[in-house]
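S.K.: can you look at this prediction? I've put the sequence above it.
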Amino acid sequence: MALYSRVSGSVGMITLQNPPVNALSAAVRQGIVDMMHRALSEPEVKSVVICGQNGKFCGGADIREFGAKMTGPPLVPMVHLIEAASKPVVAAIEGIALGGGLELALSCHYRIAHSKATLGFPEVALGLLPGAGGTQRLPRLIGVPAALDLITTGRHVTAAEARQLGIVDEVTDLNAVDAAVKFAQSVTGKSLDARRISTYPCPRPPDLDAIFERAMQQVRRSARGAIAPGTCVQAVHAAVTLPYAKGMERERELFSLLFTSGQARALQYYFFAQRAVSRWSTANGARWDTSKPRPVRKAAVIGLGTMGRGITVSLAQAGFSVVAVETQEQQLSEAKQAVSGMLERGAKRRGVPLAHDKIKYSCSVQAVADVDLVIEAVFEDMALKKTVFQQLSAICKPGVLLCTNTSGLDIDELASQTQSPELVVGMHFFAPAHVMQLLEVVYGPRSSPEVVATAMQMGKKMGKVSVAVGNCRGFVGNRMLKPYLEQAFFLLEEGATPEQVDQVLEEFGFAMGVFKVSDLSGLDVGWKVRKSDGLVSPASTGTSARIRGGSRYSPLGDLLCERGRFGQKTGRGWYQYDKPGGRVAKPDPWLHGFLEEYRAQHGLVARHIDHQEVLERCLYALINEGFQILQDGIAAGPEDIDVIYVLGYGWPRHRGGPMFYAGQVGLDKVVERLEHYQQIHPDVPGLQPCSLLRKLAASGNPAIHKWREVIQKPRSQL
Ligand SMILES: CC(C)(COP(=O)(O)OP(=O)(O)OC[C@H]1O[C@@H](n2cnc3c(N)ncnc32)[C@H](O)[C@@H]1OP(=O)(O)O)[C@@H](O)C(=O)NCCC(=O)NCCSC(=O)C[C@@H](O)CCCCCCCCCCCCC(=O)O
Ligand SMILES: NC(=O)c1ccc[n+]([C@@H]2O[C@H](COP(=O)([O-])OP(=O)(O)OC[C@H]3O[C@@H](n4cnc5c(N)ncnc54)[C@H](O)[C@@H]3O)[C@@H](O)[C@H]2O)c1
């Protein structure tokens, strides 16, 4: 709703009230319309201020209303009512003015912002465009290039930048509402003719066509198949080429197109999923709202390789004191340099405070005696990690949280090396750890709720999105990656090339195809794991090479590693690079010849494999594992899996995540296609639909928010 009050005798004040972000729900819109009419009809009122309660102007349209039948006054007539008002209307912007909130502010005649406020049009991230005149007013106010930047990227600007761009008239460090009231009094009775943005001509730079061409190219490059950014460009184009009223019609047309798209549904689902994962629960009933995190002031990182360095940077930037331990002297000195460089780049590019003085380096593990939490990031080797955990358990003060960054080893086995297994938890960061937003917090059967809560909160303080997951091989992300990778290898055996598989996955929207990712992260990483699992046999060229544990196995990755082809780092992998460390992947004729020889050696006849088969086998095998993970209670809900895949594995956000995507395809269709491939390839593991997937499909493809009801029934019934 919206509250009305009279201040200083002549100012009508409309206060938006809809916690937590004063979103423009039907009740708020109704309140604004009613209170505007009241202010305009009261003769004593000479000017109007619009503000939001609790220091937040407005977070935009109420996204929760988008799925339901719209009621209440629409936004567009509401903003026109404000702009057409005969008395000056001033927006007092505190906290946020986003999306429809900024459109509301742009319909006011003046805008006063607090210096800490942020403004922006984030609609593009929800698969939409600013649909209440934003695409028509902003270019009229700040010009086409700046408007295109803000609307197509969705980036938020500070009050200072907004002032510089001309979006706000004044910025204050004091109370913005008081400043707006004073301002409103000072403009009482002045002509409003020059204050209605919709009446401004839209500036037409001489190189207009080139500007739009560049904007389109830019969004095509970065959108990876998302339709909203390009549609935003079209809407801004209408502002320059059409009169305001016609431009508004075009905005409406384009908005409707996006609003009804599957991509908008996926992105809005994802918006709420990313927030839902903070309300975690574990398989044994611990929950976010009943578990209190412990205070952590000082943390330690053990092992300053690729991951340890990024974790150190992330901790220091978040304000923690850090003890960084590395036993190899050469590694320690390289790590110091690398960490300094990362901190300096962070300060330069993102304005993160320099935090060199937060870090103390040591080559002795004894240095961790007084820390509150330790994150171990030594080599992925169970025996080594066990030794480190035994040492830590002996050295650290009582009650210290012992965390491991392992990519998939058994948390419980590590916990059993310590005196307090309830204090052990996984904190699985993703590379580069100071950049990637995802953190899997892995609880073992003995991890205490308090410890899970602490790791989740630490992640949040480090700017990560933390997802709580259960302990199993590979946890959620890497466990689902295994069947995906396996299908990709099998497809090569059956006749595909790395380029073909990658192209299909990139067209789907992945930033990189599976083979390019493998080259980037290094083929040797998986090889080491397979070796320690006893999967890599010296007979990998013999006839039994393609069977392990009774299931089909592809030794292709092992064979490449035996030839020293580890990917980008060696300049050769599934692709070739111009030098070791090169980044540009080129098809490699040697690899094609090698695949032909391999097929001949194993009696495999190459066949034509179409796009659909590549996509379905790779994605549905991964999705099937996701359902198995839900069935096993490793993830609490589909949102957890989707957030992990979008933030950690490059799954295109506009497709919502693998579980949401499965729901959009239709669970019955996913089951049917898996069964189809299973019949053709009975020896290929990962194609047998799991019982939860079958059960959900049989119960009529329920909406994703209803899956938990089925999952939470006793698992034995599945
Ligand atoms: C605001 C934030 C920056 C705050 O961040 P913070 O970290 O502080 O907090 P959280 O992110 O955790 O959020 C707290 C809480 O609030 C919920 N929430 C946040 N924003 C909204 C919102 N806008 N609506 C609803 N709920 C919101 C959030 O979910 C959290 O609750 P939870 O329970 O989930 O934990 C940050 O939250 C943020 O960035 N928010 C999003 C801001 C945003 O994107 N705003 C733009 C919204 S879209 C918009 O404004 C569209 C307008 O341009 C135009 C609309 C025109 C509408 C016309 C519709 C007519 C339909 C016509 C259909 C035509 C079809 C046909 O033709 O048939
Ligand atoms: N690299 C990735 O992409 C990635 C991603 C997520 C998780 N992980 C996991 O993170 C961990 C570290 O991986 P990485 O890639 O950073 O490895 P790395 O090989 O780059 O670094 C490991 C470091 O640990 C040091 N070290 C070894 N034993 C030590 C000890 N006893 N005390 C102190 N330091 C010791 C080594 O000298 C080396 O500098 C592994 O468990 C790995 O599975 C890696």
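M.R.: That came in fine, so what should we check first? Residues are numbered from 1 along each chain as shown. Ligands and ions are numbered 1, 2, ... in the order given.
S.K.: low-confidence ranges in this structure?
M.R.: Scanning the chain for pLDDT under 70 picks out the ranges 538-544, 713-718.
S.K.: tell me the residue of it that sits nearest ligand 1?
M.R.: Nearest to ligand 1, among the residues of the chain, is G99, at 2.4 Å (Cβ to the nearest ligand atom). C-beta here means a position set from N, CA and C on the backbone, and glycine is covered the same way.
S.K.: list the contacts for that residue?
M.R.: G59, G60, A61, G120, F121, P122, E123, P130, G134 (Cβ atoms under 8 Å, 6 or more residues apart in numbering).
S.K.: neighbour-wise, which of the residues you listed leads?
M.R.: Highest neighbour count within the contacts of G99, by other Cβ atoms under 10 Å: P130, with 32 neighbours.
S.K.: for that residue, which non-adjacent residue is spatially closest?
M.R.: Closest residue in space to P130, ignoring its immediate chain neighbours: F121 at 4.7 Å, by Cβ to Cβ, 6 or more residues apart in numbering.
S.K.: just to check, the one you found is in contact with T153?
M.R.: No: checked against Cβ atoms under 8 Å, the pair F121 and T153 is beyond contact range at 9.1 Å.
S.K.: close to ligand 1: what parts of the protein are there?
M.R.: With Cβ under 6 Å from any ligand atom as the criterion, the chain meets ligand 1 at residues 20-21, 23, 59-64, 70, 75, 96, 98-100, 103, 122-123, 126, 128, 130-132, 134, 256, 259-260, 272, 275.
S.K.: out of those, which are buried?
M.R.: For the residues of the chain next to ligand 1, a neighbour count by 16 or more other Cβ atoms under 10 Å gives the buried set as 21, 23, 59-63, 75, 96, 98-100, 103, 122-123, 126, 128, 130-132, 134, 259.
S.K.: what about these, which are in helices?
M.R.: Mapping those onto helices (DSSP state H) picks out L75, G100, E103, G134, F259.
S.K.: list just the nearest of the residues you listed to ligand 2.
M.R.: Of all these, ligand 2 sits closest to F259, with 38.6 Å by Cβ to the nearest ligand atom.
S.K.: which parts of the stretch 301-450 of the chain are strands?
M.R.: Secondary structure of the stretch 301-450 of the chain (DSSP state E, counting those that start in this stretch): strands located at 321-325, 359-362, 373-376, 401-404, 424-429, 438-443.
S.K.: count of neighbours near the residue of the stretch 1-150 of the chain found nearest ligand 2?
M.R.: Closest approach between the stretch 1-150 of the chain and ligand 2, counting by Cβ to the nearest ligand atom: A125, at 26.5 Å. By other Cβ under 10 Å, 21 other residues sit near A125.
S.K.: and for the residue nearest to it when sequence neighbours are not counted, the neighbour number?
M.R.: Excluding the flanking residues, the one nearest A125 by Cβ to Cβ, 6+ apart is G154, at 4.7 Å. G154 has 20 neighbours, counted by other Cβ under 10 Å.
S.K.: what is the end-to-end distance of stretch 266-285?
M.R.: 29 Å (Cα to Cα, to the nearest Å).
S.K.: check stretch 679-691 too.
M.R.: Stretch 679-691 has its terminal residues 17 Å apart, counting by Cα to Cα.
S.K.: where's the closest residue to S25 other than its chain neighbours relative to G522, distance?
M.R.: Counting by Cβ to Cβ, 6+ apart, the nearest residue to S25 once its immediate chain neighbours are dropped is D62, at 4.1 Å. Counting by Cβ to Cβ, to the nearest Å, the gap from D62 to G522 is 46 Å.
S.K.: try F320
M.R.: Counting by Cβ to Cβ, the gap from F320 to G522 is 30 Å.
S.K.: comparing these two, which residue is more hemmed in?
M.R.: The neighbour count for F320 versus G522, taken as other Cβ under 10 Å, is higher for F320 (23 against 17).
S.K.: the nearest residue to the more buried one once chain neighbours are set aside sits in which helix or strand?
M.R.: Using Cβ to Cβ, 6+ apart and skipping the chain neighbours, the partner closest in space to F320 is A299 (5.0 Å). Counting by DSSP states H and E, the element that carries A299 is strand 298-302.
S.K.: pull up the gap between the residue positioned nearest the centre of the chain and L696, please.
M.R.: Here the mean C-alpha position of the chain is nearest to the C-alpha of L647 (Cα atoms, centre = their mean), at a distance of 4.2 Å. Here the distance between L647 and L696 works out to 24 Å (Cβ to Cβ).
S.K.: swap in F121?
M.R.: 37 Å.
S.K.: check the contact between Q17 and Q53; I expect there is one.
M.R.: Yes: taking contacts as Cβ under 8 Å, Q17 lies within contact range of Q53: 4.9 Å.
S.K.: shared neighbours, the two?
M.R.: Common neighbours of Q17 and Q53, counting by Cβ under 8 Å, 6+ apart, are L3.
S.K.: contacts only, for the residue of the chain found nearest ligand 2.
M.R.: Taking Cβ to the nearest ligand atom, ligand 2 has its nearest neighbour within the chain at G305, 1.7 Å off. The contact partners of G305, by Cβ under 8 Å, 6+ apart, come to Q331, A335, A377, V378, F379.
S.K.: ok, and the closest non-adjacent residue to K190?
M.R.: Leaving aside its sequence neighbours, K190 sits nearest to P88 (Cβ to Cβ, 6+ apart; 6.9 Å).
S.K.: let me fix that, I meant to ask about F430.
M.R.: The nearest residue in space to F430 (Cβ to Cβ, 6+ apart) is M436, at 3.9 Å.
S.K.: the one you found: neighbouring residues, count only.
M.R.: Counted with other Cβ under 10 Å, residues neighbouring M436 total 16.
S.K.: now do stretch 673-681: distance to the chain's middle.
M.R.: The chain centre lies 33 Å from the centre of stretch 673-681; the measure is Cα atoms, centre = their mean, to the nearest Å.
S.K.: other residues contacting that stretch?
M.R.: F490, R552, E613, E616, R617, Y620, A621, N624, V684, L687, Q688, P689.
S.K.: now do 7 Å
M.R.: Stretch 673-681 has contacts (Cβ atoms under 7 Å, 6 or more residues apart in numbering) with E616, R617, Y620, N624, L687, Q688, P689.
S.K.: L693 is in contact with the fourth one, correct?
M.R.: Yes: in this structure, N624 is within contact of L693 by Cβ atoms under 7 Å, at 6.2 Å.
S.K.: not counting its neighbours along the chain, what's nearest V368?
M.R.: Closest residue in space to V368, ignoring its immediate chain neighbours: A300 at 4.1 Å, by Cβ to Cβ, 6+ apart.
S.K.: I'm done for today, thanks for sticking with me.
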